[in-house]
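A.B. asks: Got a sequence here, can you build the structure:
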Amino acid sequence: MVGPATSDYLVRAIRRAGDEKAAAIVLRIDTPGGLDVSMREIIRAILASRVPVLSYVAPGGARAASAGTYIMYASHVAAMAPGTNLGAATPVAIGGFPKEPDEPDIGPGSRSGAASGATSGTAARPAASEPRHSPASASEAKAINDAVAYIRSLAELRGRNADWAERAVRDAESLSAAAALQAKVIDLIASSIDELLDKADGRAVLVAGERTVLRTRGALVAPVEPDWRTKLLGAIGHPNVALVLMMIGIYGLIFEFTSPGSLFPGTIGAISLLLGLYALAALPLNLAGIALAVVGLALLVAEAFIPSFGVLGIGGIIAFAFAAMVLFDTGSVPGFEIYWPLIGAVLIAGAGLMLIIARMALLSRRRAVRSGQEAMLGARAHVVDWAGGKGHVSMQGERWNAVATETLAPGEPVVVTAIDGLTLAVERRAEPFPRTGTIS
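C.D. replies: The predicted structure follows:
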């Protein structure tokens, strides 16, 4: 997927190639598409590159769908391996409720409002008067027209087929490697990196405004693999990981709110929530799923503060389960589906949390009150001085005003029977309190 992690990896690799004065850099492509914002960052890096960029769709069976097609058009040399394809570059807006049955589902969206998110698929070219995809709204028409102008400008810059590029955006057309070469969409077909470098040798390209002749035959190939940072960001961007991070973040914050000062739940929850939000920014979302997630969060928070005997908590868990099923619109991208076992685990975890909370509530209900005025009723005290039905008593190291209906003597043990402001009502205890801290 073309996303923030991918763009960061490629932009840094292109800059490194320029710093090391490489003869060229080869981008090996196999992508179903991705985010418009990330795609444009990659293309800007290609256009500003100080070394020639060769895009190569490989190995056999790979594709440069959607965002990959734009990157191919932006590259100085575009090549494909036999058995590959490119195209299907119609932009799709993120969010919204599920599409109507007759609306083509052609890929994920972008956080900027439209993305090059189409899955590949070879189809016959529709008649000019019968486009396969018609804009459903003014905003969609704007996105498509913007995408058409963008890819045509890239095609004109590199001298490639601009008319087919427009059809790839408007009608989601795709081409095989051989058809793409015949239509002048790509520059050559190569079965391997070495063959690509041999065939590209001697070609004249425009690099950073200057005419450059490629000298790639026999060049030493130095692979630039994704580092741990790229792999980590890429893993976080998976819908299943994003769902887990969001749940950890939400539960962590709930624990912190109910038990202020715990620190660990709040810290872990905040970090997980921020990582989850990063993933949400890199994935196509469904507004219905977002609404269900918000409702579920509100119900879970309410359960922590409002006695509902678990009704609100169970409702929140159910809302989260449905939100997990529809939150990410990734059905058109293989490998990006939400796993049903994960949804089941979320339900079990939520139900377990509700059972723990219910058990703690029952236990606390059976325990004696340990704070406030209620905790002082029945507390032990000793008379300090007494005269005329009132005096002072010592309780828990504090001196209190006290009254009683009987005459008491200094040192007598008493218990508190009532509280009126700062005055205690006491009565004599028949037996003295046991002494502590002495050895007989």
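A.B. asks: Tell me how far Gly159 lies from Asn286.
C.D. replies: Gly159 is 41 Å from Asn286, where distance means Cβ to Cβ, to the nearest Å. From N, CA and C alone the C-beta is placed, and that goes for glycine too.
A.B. asks: ok, these two, which is more surrounded?
C.D. replies: Asn286 (20 against 11; other Cβ atoms under 10 Å).
A.B. asks: ok, now how distant is Asn286 from Leu154?
C.D. replies: Taken as Cβ to Cβ, the span from Asn286 to Leu154 is 31 Å.
A.B. asks: Which residue ranges of the stretch 1-150 of the chain form strands?
C.D. replies: 25-29, 53-57, 63-65, 77-80, 85-87, 91-92, 115-116 (DSSP state E, counting those that start in this stretch).
A.B. asks: Out of these, which gets nearest to Ile254?
C.D. replies: Closest to Ile254 of the strands of the stretch 1-150 of the chain is strand 115-116 (Cβ to Cβ; 33.4 Å).
A.B. asks: what mean pLDDT does the closest one have?
C.D. replies: Strand 115-116 shows a mean pLDDT of 43.
A.B. asks: same question, stretch 277-293
C.D. replies: Stretch 277-293 comes out at a mean pLDDT of 74.
A.B. asks: before we move on, what about stretch 351-359?
C.D. replies: Here the average pLDDT along stretch 351-359 is 73.
A.B. asks: Could you pull up the residues touching Ala79?
C.D. replies: Ala79 is in contact with 54-57, 186-190, 196, 199-200, counting by Cβ atoms under 8 Å, 6 or more residues apart in numbering.
A.B. asks: who wins for proximity to Gly237 among the strands of the stretch 1-150 of the chain?
C.D. replies: The nearest among those, by Cβ to Cβ, is strand 115-116 at 13.9 Å.
A.B. asks: and Arg170, how many neighbours?
C.D. replies: When neighbours are counted by other Cβ under 10 Å, Arg170 comes out with 20.
A.B. asks: With the one 3 residues further on instead?
C.D. replies: Neighbours of Glu173 under the rule other Cβ under 10 Å: 24.
A.B. asks: where's it relative to Ala270, distance?
C.D. replies: Glu173 is 46 Å from Ala270, by Cβ to Cβ.
A.B. asks: re the thing from before, can you redo the contacts of Ala79 as a markdown table with neighbour count, distance to Ile338 and pLDDT?
C.D. replies: As requested, these are exported to a markdown table (neighbours: other Cβ atoms under 10 Å; distance: Cβ to Cβ, whole Å; pLDDT from 0 to 100):
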| residue | neighbour count | distance to Ile338 | pLDDT |
| --- | --- | --- | --- |
| Leu54 | 26 | 37 | 95 |
| Ser55 | 26 | 32 | 95 |
| Tyr56 | 28 | 33 | 95 |
| Val57 | 30 | 29 | 94 |
| Ile186 | 28 | 36 | 94 |
| Asp187 | 24 | 40 | 93 |
| Leu188 | 17 | 40 | 93 |
| Ile189 | 18 | 38 | 94 |
| Ala190 | 21 | 38 | 94 |
| Leu196 | 24 | 38 | 93 |
| Lys199 | 18 | 43 | 93 |
| Ala200 | 26 | 42 | 92 |
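A.B. asks: Could you double-check that Ala379 lies in contact with Val416?
C.D. replies: Yes - applying Cβ atoms under 8 Å, one finds Ala379 in contact with Val416, separated by 4.9 Å.
A.B. asks: who touches both of these two?
C.D. replies: Met395.
A.B. asks: since we're on Ala138, how many residues are nearby?
C.D. replies: Ala138: 8 surrounding residues under other Cβ under 10 Å.
A.B. asks: ok, now Arg50?
C.D. replies: 15.
A.B. asks: Looks like it contacts Gly209 (just checking).
C.D. replies: No - contact criterion Cβ under 8 Å: Arg50 and Gly209 do not qualify, at 10.6 Å.
A.B. asks: Report the spatially nearest residue to Gly218, omitting neighbours in sequence.
C.D. replies: Leu197 (7.7 Å; Cβ to Cβ, 6 or more residues apart in numbering).
A.B. asks: Assign the one you found to helix, strand or coil.
C.D. replies: With DSSP: H, G, I helix; E, B strand; the rest coil as the basis, Leu197 sits in helix.
A.B. asks: Look up how far His382 lies from Thr407.
C.D. replies: Distance from Thr407 to His382, by Cβ to Cβ: 16 Å.
A.B. asks: Then Ala65?
C.D. replies: On the measure of Cβ to Cβ, Ala65 and His382 end up 85 Å apart.
A.B. asks: neighbour-wise, which of those two wins?
C.D. replies: Regarding Ala65 and His382, a neighbour count based on other Cβ under 10 Å identifies Ala65 as having more, with 32 against 16.
A.B. asks: tell me which residues form a beta bridge with the more buried one?
C.D. replies: Ala65 has these beta-bridge partners by DSSP bridges: Gly87.
A.B. asks: Use 360 as the first number from now on
C.D. replies: Taking 360 as the first residue, the last one we looked at is Ala424.
A.B. asks: Was I right to think it contacts Met431?
C.D. replies: No - using Cβ under 8 Å, Ala424 makes no contact with Met431, being 10.4 Å away.
A.B. asks: who touches both of the two?
C.D. replies: What both Ala424 and Met431 touch, as defined by Cβ under 8 Å, 6+ apart, is the set Leu445.
A.B. asks: ok, for Val685, nearest residue in space, not its chain neighbours?
C.D. replies: Ranked by Cβ to Cβ, 6+ apart and with sequence neighbours excluded, the top spatial neighbour of Val685 is Gly648, at 4.3 Å.
A.B. asks: mind checking which helix or strand that neighbour is in?
C.D. replies: Assessed by DSSP states H and E, Gly648 sits inside helix 646-664.
A.B. asks: which is the next helix or strand following that helix?
C.D. replies: Proceeding N to C from helix 646-664, the next assigned helix or strand is helix 670-685, under DSSP H and E.
A.B. asks: Give me the contact list for that following helix.
C.D. replies: 457, 602, 606, 645, 647-649, 651-652, 654-659, 661-662, 665, 697, 701-702, 705-706, 709-710, 712-713, 716.
A.B. asks: Buried residues in it, which are they?
C.D. replies: By 16 or more other Cβ atoms under 10 Å, the buried positions in helix 670-685 come out as 671-683, 685.
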